[in-house]
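> have a look at this prediction, sequence included:
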Amino acid sequence: MAGDEIEINIFCTKNECRAKIETVSVKKENMMLTSSEKIFCPSCNEDVTEYREITGRSESRDEELNTLPASDYMNL
């Protein structure tokens, strides 16, 4: 089934880089977001630990935060 696959972005873990290295499609039951594997980062020009995130996650998180009511706790 086509609906059983999820796209995962793979990024460089270096804070100064965080370059998107590739996007892969995996079945939901085979999905693994934690990894200790090394992958070559063309921006850093070295092998780095990969960081995985579901495609659209950060956009979804930002959209959710924008729908929350404004909080007044910072003005205390």
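The structure has been received and is ready for your questions.
> alpha carbons only for contacts and neighbour counts from here, please
Will do.
> output stretch 29-43 in PDB with nothing but the alpha carbons.
Presented in PDB, the C-alpha positions along stretch 29-43 are these (Å, rounded to 0.1, in the frame of the first residue of the first chain):
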ATOM      1  CA  GLU A  29       6.800  -0.700  10.300                       C
ATOM      2  CA  ASN A  30      10.500  -0.400   9.300                       C
ATOM      3  CA  MET A  31      10.800   3.300  10.400                       C
ATOM      4  CA  MET A  32      13.700   4.100  12.700                       C
ATOM      5  CA  LEU A  33      14.400   7.700  13.700                       C
ATOM      6  CA  THR A  34      17.300   7.000  16.000                       C
ATOM      7  CA  SER A  35      20.500   6.000  14.400                       C
ATOM      8  CA  SER A  36      24.200   5.900  15.200                       C
ATOM      9  CA  GLU A  37      25.200   5.200  11.600                       C
ATOM     10  CA  LYS A  38      27.700   7.500   9.800                       C
ATOM     11  CA  ILE A  39      26.900   9.200   6.500                       C
ATOM     12  CA  PHE A  40      29.000  11.400   4.300                       C
ATOM     13  CA  CYS A  41      28.100  15.100   4.500                       C
ATOM     14  CA  PRO A  42      29.200  17.000   1.400                       C
ATOM     15  CA  SER A  43      29.000  20.300   3.200                       C
END
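> geometric centre of the protein: which residue is closest?
residue 53 (2.4 Å; CA atoms, centre = their mean).
> where does the chain dip in pLDDT?
1-3, 71-76 (pLDDT under 70).
> please repeat the previous calculation with a cut-off of 90.
Within the chain, the segments meeting pLDDT under 90 span 1-6, 14-18, 26-37, 50-76.
> can you show me the strands along it?
Counting by DSSP state E, the segments of the chain that form strands are 5-12, 20-27, 38-41, 46-54.
> I'd like those as JSON lines, with distance to residue 60 appended.
Shown next, in JSON lines, are those (distance: least, CA to CA, whole Å):
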{"stretch": "strand 5-12", "distance to residue 60": "14"}
{"stretch": "strand 20-27", "distance to residue 60": "18"}
{"stretch": "strand 38-41", "distance to residue 60": "26"}
{"stretch": "strand 46-54", "distance to residue 60": "10"}
